[in-house]
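Student: Here is a sequence together with a model predicted from it:
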Amino acid sequence: MEISKLKLPWLEQGKLTSVAVYRKNKKSNTYYMIVTDIHIDVINNMRATKPIIDHKYEIVELGIGKEFIKSWAEKYKIKKPQIVSK
């Protein structure tokens with residue numbers, strides 16, 4: 001997966017990229033990825049009424065930096081990450 005092919009509008013402004021990998025069931029082999037400019041603490045907030053990742057899903061990996069996109073996409077076999085912007 002090429003990072004340059006993903007349209008990340010916040011890179012031009014110099015904001016950090018947060019990457020999260022989650023799965024919907026603990027026994028599931030399907031992983032999902034969210035790439036966003038929202039801070040990690042907001043993604044991981046358990047008291048949020050409208051969370052970025054639903055509370056019932058299991059967060060597997062959290063990281064800051066666009067380098068994680070390629071490595072985790074290969075590791076978890078994710079073809080198309082979801083891009084969320086503020």
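Tutor: Nice, I can see it.
Student: Not counting residues beside it along the chain, what's closest to residue 44?
Tutor: residue 62 (6.5 Å; Cβ to Cβ, 6 or more residues apart in numbering). Bear in mind the C-beta positions are built from the backbone N, C-alpha and C, glycine included.
Student: next one: residue 59
Tutor: Closest residue to residue 59 apart from its sequence neighbours, by Cβ to Cβ, 6+ apart: residue 22 at 4.8 Å.
Student: Ok, residue 65 next?
Tutor: Of all residues not flanking residue 65 in the chain, residue 17 sits nearest, at 6.3 Å (Cβ to Cβ, 6+ apart).
Student: same thing with residue 48?
Tutor: residue 42 (7.4 Å).
Student: re the thing from before, does the residue nearest to residue 44 lie in a helix or a strand, and which?
Tutor: Using DSSP states H and E, residue 62 maps to strand 58-64.
Student: Work out the gap between that strand and the centre of the chain.
Tutor: 7 Å (Cα atoms, centre = their mean, to the nearest Å).
Student: For it, which residues meet the burial criterion?
Tutor: 62, 63 (16 or more other Cβ atoms under 10 Å).
Student: Provide the contact partners of that strand at residue level.
Tutor: Residues outside strand 58-64 that contact it (Cβ atoms under 8 Å, 6 or more residues apart in numbering): 16-26, 31, 40, 43-44, 53, 68, 72, 76.
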